[in-house]
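Engineer: using only what follows, build the 3D model:
(one chain, ligands or ions: 2)
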Amino acid sequence: MLLSVESLSASYGNIRVLWDVSIKVEKGEIVALLGANGAGKSTLLRCIMGLVRFHDGDVVFDSQSIKRVRPHAIVQRGIAYVAEGRRLFGAMTVEDNLRMGAPRKCDDLKARMDLVYSLFPALSERKEQNAATLSGGEQQMVAIGRALTTKPKMLLLDELSFGLAPKMFERVLKSIQEANLLGVSILMAEQNSERALQFSSRAYIMENGRISVEGKSQDLINDPRVKEAYLGLAD
Ligand SMILES: Nc1ncnc2c1ncn2[C@@H]1O[C@H](COP(=O)(O)OP(=O)(O)OP(=O)(O)O)[C@@H](O)[C@H]1O
Ligand SMILES: [Mg+2]
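Structural biologist: Ligands and ions are numbered 1, 2, ... in the order given. Predicted coordinates:
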């Protein structure tokens, strides 16, 4: 087991948002986290990263609790996070944005950067371009690339498809798959449920801050209740 979220509950102020959430990601897996707007997907990812404090439960990564660990130290332990909305440094170049992911003193910086450029060839032609001038898809690539230069064991991805044309989303997914084949485990929160189920091996569906359905993605795609409620497909 690489990541285990155990009976986690979290609130923003007095408002409870997550209730007794438990999920697991095995080494090498691609796991999807689905659910309607406001279900709590982003909050769960933020709890894992130490960006939102949670009052009950635990997060165990690589056999150790990371409950009280600070976000930057969680990154050092091997979890990288691509937030909703990408959050690049627009006035900095692609190259400088990517370099931000690597530690300041780092003897394999070139290898880290080369890996990103091999996964995202479009970026190698734009190294010196300011991030703000990139297309939405290219910015998404930089955000993922910056996460990968931390050399993560695991990537948390929040709404990769957001604002992307289907073709661009496919290109990004292909690179994620390549990173996965190189050993990076994936937990992805995604609105595009159908594509996320095709892409992942297992999935969790959240509803009002709770996990309501979990299983193998293939089984969920064929489950009439899931089809109707989450995929917009009548049986
Ligand atoms: N910073 C915050 N302060 C207070 N409430 C918040 C905050 N962020 C999120 N919430 C609330 O927490 C709930 C879960 O939000 P969250 O963003 O985790 O959902 P989500 O599943 O990621 O939704 P979406 O698909 O729209 O991204 C929502 O009711 C939201 O209004
Ligand atoms: Mg969200």
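Engineer: for the protein, which segments count as helices?
Structural biologist: Counting by DSSP state H, the chain has helices at residues 41-48, 71-77, 94-99, 109-119, 121-124, 136-148, 166-181, 193-199, 217-221, 224-230.
Engineer: average pLDDT for the fifth one?
Structural biologist: This means helix 121-124. For helix 121-124, mean pLDDT is 95.
Engineer: please save the CA atoms from that helix in CSV.
Structural biologist: Extracted as CSV, the C-alpha positions of helix 121-124 are listed here (Å, rounded to 0.1, in the frame of the first residue of the first chain):
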residue,chain,number,x,y,z
PRO,A,121,7.9,17.5,-26.2
ALA,A,122,5.7,20.6,-26.8
LEU,A,123,7.4,22.2,-23.8
SER,A,124,10.9,21.7,-25.1
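Engineer: so which elements touch that helix?
Structural biologist: On a contact count with 3 or more CB pairs under 8 Å, 6 or more residues apart in numbering; DSSP states H and E, helix 121-124 meets helix 109-119, helix 136-148. For the C-beta atoms, the positions are set from N, CA and C on the backbone; glycine is no exception.
Engineer: count the residues that sit near the residue lying closest to Ser185 once chain neighbours are set aside.
Structural biologist: Closest residue in space to Ser185, ignoring its immediate chain neighbours: Met154 at 4.4 Å, by CB to CB, 6 or more residues apart in numbering. Burial of Met154 is recorded as 23 neighbouring residues (other CB atoms under 10 Å).
Engineer: list the contacts of the residue nearest to the spatial centre of the chain.
Structural biologist: In the chain, the centroid-proximal residue (CA atoms, centre = their mean) is Leu157; its distance is 1.5 Å. Residues in contact with Leu157, defined by CB atoms under 8 Å, 6 or more residues apart in numbering, are Val82, Ile144, Ile176, Ile186, Leu187, Met188, Ala189, Glu190.
Engineer: next one: stretch 158-166, is it in contact with ligand 2?
Structural biologist: No - if you take CB under 5 Å from the ion as the test, stretch 158-166 misses ligand 2, and the best it gets is 5.9 Å.
Engineer: quick one on the thing from earlier: how about the helices of the chain, which one is nearest Val60?
Structural biologist: helix 41-48 (10.4 Å; CB to CB).
Engineer: now do the closest one: everything it contacts.
Structural biologist: 3, 5, 8, 10, 12, 17-18, 21, 23, 33-35, 52-54, 59, 61, 66, 74, 79, 81, 83-84, 156, 158-159, 187, 189, 206, 209.
Engineer: do the same with stretch 119-126
Structural biologist: 94, 98, 116-117, 134, 138, 141-142, 144-145, 148, 171, 175, 178-179.
Engineer: filter the residues you listed down to the buried ones, PyMOL style.
Structural biologist: The PyMOL selection below is limited to those of these classed as buried (16 or more other CB atoms under 10 Å):
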select buried, resi 94+98+116+117+134+138+141+142+144+145+148+171+175+179
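Engineer: enumerate the residues of this protein near ligand 2.
Structural biologist: Contact residues, the chain versus ligand 2 (CB under 5 Å from the ion): Lys41, Ser42.
Engineer: what is the least confident helix or strand in the chain?
Structural biologist: helix 224-230 (a mean of 84; mean pLDDT, DSSP states H and E).
Engineer: quick check: the gap between the closest residue to ligand 2 within the chain and Val82.
Structural biologist: The nearest approach of the chain to ligand 2 comes at Ser42, 3.1 Å away (CB to the ion). Distance, Ser42 to Val82, using CB to CB, to the nearest Å: 11 Å.
Engineer: check Pro224 too.
Structural biologist: Distance from Pro224 to Val82, by CB to CB: 33 Å.
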